[in-house]
Each structure stands twice: as C-alpha cells, then as structure tokens.
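A.B. asks: Task: produce atomic coordinates for the following.
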Amino acid sequence: MIFYDFQSSCFNYRAGGIIIYKNKILLAQAEHSNYHFLPGGRIDFHESSSQGMIREIKEELNLQAKINRLLWVIECNFELKGKIVHQIGFYYLLDIPKTVLSTLPNKMTCQEKHLQITFSWFLLKELPQINLLPPLLKQKLPLQLPSSIEHHI
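C.D. replies: Below you'll find the predicted structure:
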C-alpha cells in the first residue's frame, strides 16, 4: 500500500468507486468512525489506480466491477484523528450489472485486517447531511457527473 505516516501528518494514495443505483450511492464507514467515504482503498506499489480500484471492490464487496470512466483526481488535505491527511485520490464511476445491484442489501460489512467496514446505500439528496471525506465529494456528487476528467486541488 502506498501510505506514509509521519508525526502529525500522513500521505495516502487511494482510489474510490462511485456506485450509483436508483438515485442512491454506496458509501463506506469504518467502525468507530464518524465519517463516510467511497468504497475503495489504497493503491499498491506497481499497480495503477484503476487496477487498485477493481481489486478493492472485489476484496471489500466481492463484486466484479468495470471502470466506466475516471471522473475526478482530487488532491486534498483534511484532518482525521488528529493528523493532517495529504491525499491524492482517483475517483472512478463504476459499472456493475443492475441485476447484481438489485440483489445487494441496504447494508453490508467486510472485515479488513483489524477493522470492520460497513457499506450502506444513501439517497444522493442526503449527501449534504453526511460527513463524507474528502469534503469536496459532498459538493460534486449530487451534481451532474462531469463529462471529462476534473482535477481539483
């Protein structure tokens, strides 16, 4: 994993997947946390962000996803658990067959090493009330998705 922890800061390189079905979006929340994030995770060395995205969705949700397209590259800093996180994230719109999405429960969990992650569906219109990281996603997701890649710093 490409992650570096140093004193009061850390660097994180991750990919997040946007899965939308019937005006709902799938979000993740780690146990004992007060924030949500897009399904996905850290990219491994020698792995592209798109390869990491597909791998993470398979590991976390046991789903075969396909990359539709890259929507955003977001470079940001935010505070989390007393540390400043410097994150570079690649956010992909994912394709998963509707026949598969229609069978998914409203809540799912997976165990990642020592941490349990819960995945839940939320209406897109609920996003303003959700603590979503990185914060820019709250502004971008309820809008019409971009037709080309956007880079935000």
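
A.B. asks: Show me which helix runs longest in this structure.
C.D. replies: helix 49-61 (DSSP state H).

A.B. asks: got the contact list for it?
C.D. replies: 13-17, 28, 39-44, 47, 63-67, 70, 90, 92, 94, 108, 110, 112, 117, 119 (CB atoms under 8 Å, 6 or more residues apart in numbering). Every residue, glycine included, has its C-beta placed from N, CA and C.

A.B. asks: just checking, which of these belong to strands?
C.D. replies: 13-17, 28, 40-42, 66-67, 70, 90, 92, 94, 108, 110, 112, 117, 119 (DSSP state E).

A.B. asks: Quick check, central residue of this structure?
C.D. replies: Residue closest to the average C-alpha location in the chain (CA atoms, centre = their mean): residue 38, at 2.2 Å.

A.B. asks: Confirm for me that residue 42 is in contact with residue 11.
C.D. replies: No - here residue 42 lies out of contact with residue 11, judged by CB atoms under 8 Å, at a distance of 10.5 Å.

A.B. asks: anything in contact with each of the two?
C.D. replies: 2, 3.

A.B. asks: contacting residues for the residue lying closest to residue 116 once chain neighbours are set aside?
C.D. replies: Leaving aside its sequence neighbours, residue 116 sits nearest to residue 31 (CB to CB, 6 or more residues apart in numbering; 4.5 Å). By CB under 8 Å, 6+ apart, the contact list for residue 31 reads 115, 116, 117, 118.

A.B. asks: Please spell out the ChimeraX selection for the buried subset of the contacts of helix 49-61.
C.D. replies: Entered in ChimeraX, the line below selects the buried ones among those, by 16 or more other CB atoms under 10 Å:
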select :13,14,15,16,17,28,39,40,41,43,47,63,65,67,70,90,92,94,108,117,119
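
A.B. asks: before we move on, back to that, beta-bridge partners for the nearest residue to the residue nearest to the centre of the chain once chain neighbours are set aside, please?
C.D. replies: In this structure, residue 38 finds its nearest non-sequential neighbour in residue 16, 3.4 Å apart by CB to CB, 6+ apart. Applying DSSP bridges to residue 16 gives these bridge partners: residue 40, residue 91.

A.B. asks: Residue 16 and residue 90 touch, don't they?
C.D. replies: Yes - at 7.4 Å, residue 16 counts as touching residue 90 under the criterion of CB under 8 Å.
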